[in-house]
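Peer 1: Below is the structure, and that's it, no one-letter string:
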């Protein structure tokens, strides 16, 4: 599934969250957004995939879901 397809799915399943994250394009923007969304830095996991890319896992505070970003 492409990033665009993932955003389309999020838009239909959780339009409020989609509105918050659809404009986030890099790690800096995500990390600036997270505290205001109630996501504590202590709960964030950054997993290195290879020498160029990471996956950033953010626990959503309102329920038992995670938001995951692939970041360069």
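Peer 2: Sure, I can see it. This is a predicted model, so every value here is computed, not measured.
Peer 1: Doesn't residue 5 belong to a helix?
Peer 2: Yes - per DSSP: H, G, I helix; E, B strand; the rest coil, residue 5 lies within a helix segment.
Peer 1: residue farthest from the centroid of the chain?
Peer 2: Largest separation from the mean C-alpha position in the chain: residue 51, at 20.3 Å (CA atoms, centre = their mean).
Peer 1: which phi and psi does that residue have?
Peer 2: phi -70, psi -10 (degrees, to the nearest 10).
Peer 1: next one: residue 16
Peer 2: According to degrees, to the nearest 10, residue 16 has phi -70, psi -50.
Peer 1: go on, residue 62?
Peer 2: phi -80, psi -10.
Peer 1: Likewise for residue 71?
Peer 2: Per-residue torsions, residue 71: phi -130, psi 140 (degrees, to the nearest 10).
Peer 1: In terms of pLDDT, where does it sit?
Peer 2: Predicted confidence (pLDDT) for residue 71: 84.
Peer 1: Just the helices from this structure, written as ranges.
Peer 2: With DSSP state H, the ranges of helices along the chain come out as 3-13, 15-21, 27-36.
Peer 1: I'd like to know which of these is closest to residue 65.
Peer 2: helix 15-21 (8.9 Å; CB to CB). Just so you know, the C-beta spots here come from the backbone N, C-alpha and C atoms, and that holds for glycine as well.
Peer 1: Run the chain-centre distance for that closest one.
Peer 2: 11 Å (CA atoms, centre = their mean, to the nearest Å).
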